[in-house]
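> Structure here, sequence nowhere to be found:
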């Protein structure tokens, strides 16, 4: 009796796995899992609206996703920098789009692409200069880029840290000092998101 019960559980588990496999294949053909961006152009002093219906989506092409947006406003235009990951390559790069005051959106333009993954283009301004710290964990570095010609020419200024596995580095200036917050993997077996 016990053997028949075990056979039934094995058969049940096998059928469940086949069902999930077929379901996922069909679901993935119909739906695309991708990040997108949302915005709201408002004249209110309140920059953030709690009413989600007021936001408009910026949907990337079906072969990629956009994530980690950072916005710079110049001459009545918004320049939105973000991670752009092409599904085929499975490697992020840094791109941007322009959004004007009427909601017109440009095509995305690549500003930074390396042979390693890039994401989270943290952008900050100091002494009228723009800087960016994209996530470069795959290169085991934290890199600082300087904008040489806005909006699309950025060059490596210097490597801030080497031989580190760090994500989402963020700079904060307080009392004339710069503070960097980052999420670091201290042990190779650790998840970078759990600490």
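Sure thing, it's come through. Remember, it's a predicted structure, so these values are computed and weren't measured experimentally.

> can we go C-alpha only for contacts and neighbour counts from here?
Noted.

> ok, residue 185 to residue 176 distance?
29 Å (CA to CA, to the nearest Å).

> Retrieve the pLDDT associated with residue 18.
At residue 18, the model reports a pLDDT of 87.

> correction: residue 164
pLDDT recorded at residue 164 is 94.

> Residue 185 and residue 176: who's more crowded?
Between residue 185 and residue 176, counted using other CA atoms under 10 Å, the more crowded position is residue 185 (18 against 6).

> For that one, grab phi and psi.
Backbone torsions for residue 185, taken as degrees, to the nearest 10, come to phi -90, psi 120.

> What separation do you get for it and residue 167?
Taken as CA to CA, the span from residue 185 to residue 167 is 9 Å.

> what about the helices in the chain?
Assigned by DSSP state H, the chain shows helices spanning 2-30.

> Any stretches of this structure with poor pLDDT?
Scanning the chain for pLDDT under 70 picks out the ranges 1-5, 27-33, 42-50, 188-195.

> okay, now the domains of the protein?
For the chain, the structural domains run 1-31, 38-184, going by automatic domain parsing.

> highest average neighbour count across these?
Ranked by mean neighbour count, the domains of the chain are led by domain 38-184 with a mean of 16 (mean count of other CA atoms under 10 Å).

> End to end on that domain, go ahead and measure it.
Per CA to CA, domain 38-184 runs 29 Å from first to last residue.

> got it, and stretch 156-173?
For stretch 156-173, the first and last residues are 21 Å from each other (CA to CA).

> who's in contact with it?
Contacts to stretch 156-173, defined as CA atoms under 8 Å, 6 or more residues apart in numbering, come from residues 120, 122, 124, 133-138, 140-146, 178-186, 192.
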